[in-house]
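[1] attaching a predicted model along with its sequence, questions to come.
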Amino acid sequence: MSENIGELVRQLNFDVAMDWISCPHTPGERTNASPIVYYQNVPIQGRDVIVVDDAIESGGTMKRLVEHLKEFDPASISVATLFVKPGRVEIPVRQYFAHQMDSDDMLVGFGLPWQDKLRNLPYVAQLAPGA
Ligand SMILES: O=P(O)(O)OC[C@H]1O[C@H](OP(=O)(O)OP(=O)(O)O)[C@H](O)[C@@H]1O
Ligand SMILES: Nc1nc2[nH]cnc2c(=O)[nH]1
């Protein structure tokens, strides 16, 4: 996601502080149990937080991130992603997305990796089934 964050920030017309939270995920994995790494360089108590990511597939990663961030008592949490897929779990916050897919097919490019490859494609492509 960090590959595209500059493009997003240039579209914002309000003051914004930025921080990073990580929960490494293997594409295709539906239950992300990785440790959450969050140093909280920017305190979020009482602030409006928008969690930005490239894709929500199972929703497991984002659900855990939102639950984790809620513990820091922000004023609000919302989620903004490029893609959401139909098989995702409910995430109980306001959500914004650029594109709602009609299948759970795997995407690559524009920051999305497949086995450490294709992340640097300058466009998003759908991985052929069985690839
Ligand atoms: O909804 P889920 O099934 O939990 O999947 C979502 C996660 O998958 C993507 O990470 P990706 O595998 O592309 O790795 P990256 O963060 O290194 O780009 C995305 O950035 C989310 O963190
Ligand atoms: N590479 C990749 N990672 C993902 N994580 C969640 N969805 C996707 C996807 O379509 N492609």
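    Ah, there it is. Ligands and ions are numbered 1, 2, ... in the order given.
[2] give the contact list for Lys70.
    The neighbourhood of Lys70, defined by Cβ atoms under 8 Å, 6 or more residues apart in numbering, consists of Ile77. Any C-beta I mention is one placed from the backbone N, CA and C, and that applies to glycine too.
[3] pull the helix or strand with minimum mean pLDDT from the protein.
    The element with the least model confidence among the helices and strands of the chain, by mean pLDDT, DSSP states H and E, is helix 5-9, at a mean of 85.
[4] check whether that helix contacts ligand 1.
    No - with Cβ under 6 Å from any ligand atom as the criterion, ligand 1 is not reached by helix 5-9; the gap is at least 11.8 Å.
[5] likewise stretch 41-61?
    Yes - residues of stretch 41-61 are located near ligand 1 by Cβ under 6 Å from any ligand atom, namely 53-61.
[6] what about Phe83, which SS state?
    In three-state terms, and counting by DSSP: H, G, I helix; E, B strand; the rest coil, Phe83 is strand.
[7] go ahead and confirm it touches Ile56.
    Yes - counting by Cβ atoms under 8 Å, Phe83 touches Ile56, with 7.1 Å between them.
[8] what about the two, which has more around it?
    The neighbour comparison of Phe83 against Ile56 (other Cβ atoms under 10 Å) goes to Ile56, with 23 against 18.
[9] got a list of what the more buried one touches?
    Taking Cβ under 8 Å, 6+ apart as the contact definition, Ile56 lies against 62, 79, 81, 83-85, 88, 91, 97.
[10] ok, and the closest non-adjacent residue to it?
    Spatial nearest neighbour of Ile56, chain neighbours left out: Val84 (4.7 Å); criterion: Cβ to Cβ, 6 or more residues apart in numbering.
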